[in-house]
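K.L.:
I'll drop the sequence and a predicted model, then ask my questions.
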Amino acid sequence: ILVTDGYFEWKNPANEQFGIERILDLTRKNRDLPADEMIRLLNESVLSFAQGTCQADDLTALIVKKL
């Protein structure tokens, strides 16, 4: 998985960053899903965490899975 810093640096109203650990946890828990579904869940998780704070950076994610 490759993500730009826009994912892990996005802050919530308490000024906490989403962080790399949350990305890793989400990836581990959903590793059996197709890559596009994992990215969808990542986007939903970051947006939920942010609770309406403004996006400060780009969001780009790439997941490569072995078939």
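P.N.:
Happy to help now that I have it. It should be emphasised that the depicted structure is a prediction, and the values quoted were computed from it without experimental measurement.
K.L.:
what's Gly52 in contact with, if anything?
P.N.:
Shown in contact with Gly52 (Cβ atoms under 8 Å, 6 or more residues apart in numbering): Pro13. For glycine as for every other residue, the C-beta is placed from the backbone atoms N, C-alpha and C.
K.L.:
switch to 10 Å and redo it
P.N.:
If you count contacts by Cβ atoms under 10 Å, 6 or more residues apart in numbering, Gly52 has them with Asn12, Pro13.
K.L.:
Please report how far Phe49 lies from Leu33.
P.N.:
19 Å (Cβ to Cβ, to the nearest Å).
K.L.:
Apologies, that question was intended for Leu59.
P.N.:
19 Å.
K.L.:
Return the backbone torsion pair for Glu9.
P.N.:
Per-residue torsions, Glu9: phi -100, psi -10 (degrees, to the nearest 10).
K.L.:
what's the burial count for it?
P.N.:
13 (other Cβ atoms under 10 Å).
K.L.:
For it, which non-adjacent residue is closest in space?
P.N.:
Counting by Cβ to Cβ, 6 or more residues apart in numbering, Glu9 lies nearest to Gln17, which is 5.4 Å off, once chain neighbours are set aside.
K.L.:
Do I have it right that that neighbour meets Trp10?
P.N.:
Yes. Between Gln17 and Trp10 there is a contact at 6.9 Å, judged by Cβ atoms under 10 Å.
K.L.:
who touches both of those two?
P.N.:
With Cβ under 10 Å, 6+ apart as the test, Gln17 and Trp10 both reach Phe49.
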